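>>> got a predicted structure plus its sequence, pasted below:
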Amino acid sequence: MAGKRKERRRRNAEIQRATEELLGIRRELRQAENNFNHMTDPNKMEACIYEMNALKARYNCAVIEMKHAVSPPPQ
């Protein structure tokens with residue numbers, strides 16, 4: 001019984017961490033998009049594009065981690 005509770009707490013903590021990571025990346029992506037929209041220097045625009053692509057890749061990885069965190073444990 002205590003083992004199940006401990007496992008449940010661990011999974012809840014993992015889900016919380018993954019959720020916070022997703023929200024943080026989304027916030028960073030919105031900021032990068034905002035920077036891009038107000039940028040006039042072509043070199044800095046290119047840097048913004050690279051940053052947005054990197055954040056999108058991080059977001060995709062975080063989504064996969066979240067899916068693993070919320071999937072039911074094997075029986």
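Cool, the structure landed. Note that the structure is a prediction, hence the values are computed from the model and not measured.
>>> residue ranges with poor pLDDT in this structure?
For the chain, applying pLDDT under 70 flags the ranges 1, 72-75.
>>> remind me, longest helix of this protein?
helix 2-37 (DSSP state H).
>>> just checking, what packs against that helix?
Judged by 3 or more CB pairs under 8 Å, 6 or more residues apart in numbering; DSSP states H and E, helix 2-37 is in contact with helix 42-70. Every residue, glycine included, has its C-beta placed from N, CA and C.
>>> so for this protein, the centremost residue is which one?
Nearest to the geometric centre of the chain sits residue 22, at 2.9 Å (CA atoms, centre = their mean).
>>> which residue packs closest to that one, ignoring adjacent ones?
residue 62 (5.0 Å; CB to CB, 6 or more residues apart in numbering).
>>> what sits against that neighbour?
18, 21, 22, 25 (CB atoms under 8 Å, 6 or more residues apart in numbering).
>>> gap between the second one and residue 59?
Summarising the geometry, the distance separating residue 21 from residue 59, computed by CB to CB, to the nearest Å, is 9 Å.
>>> wait, isn't residue 14 in contact with residue 71?
No. Using CB atoms under 8 Å, residue 14 makes no contact with residue 71, being 11.1 Å away.
>>> rewinding a little: what angle separates the longest helix of the chain from helix 42-70?
Following axes from the mean of the first three to the mean of the last three CA atoms, to 10 degrees, one obtains 160 degrees for the angle between helix 2-37 and helix 42-70.
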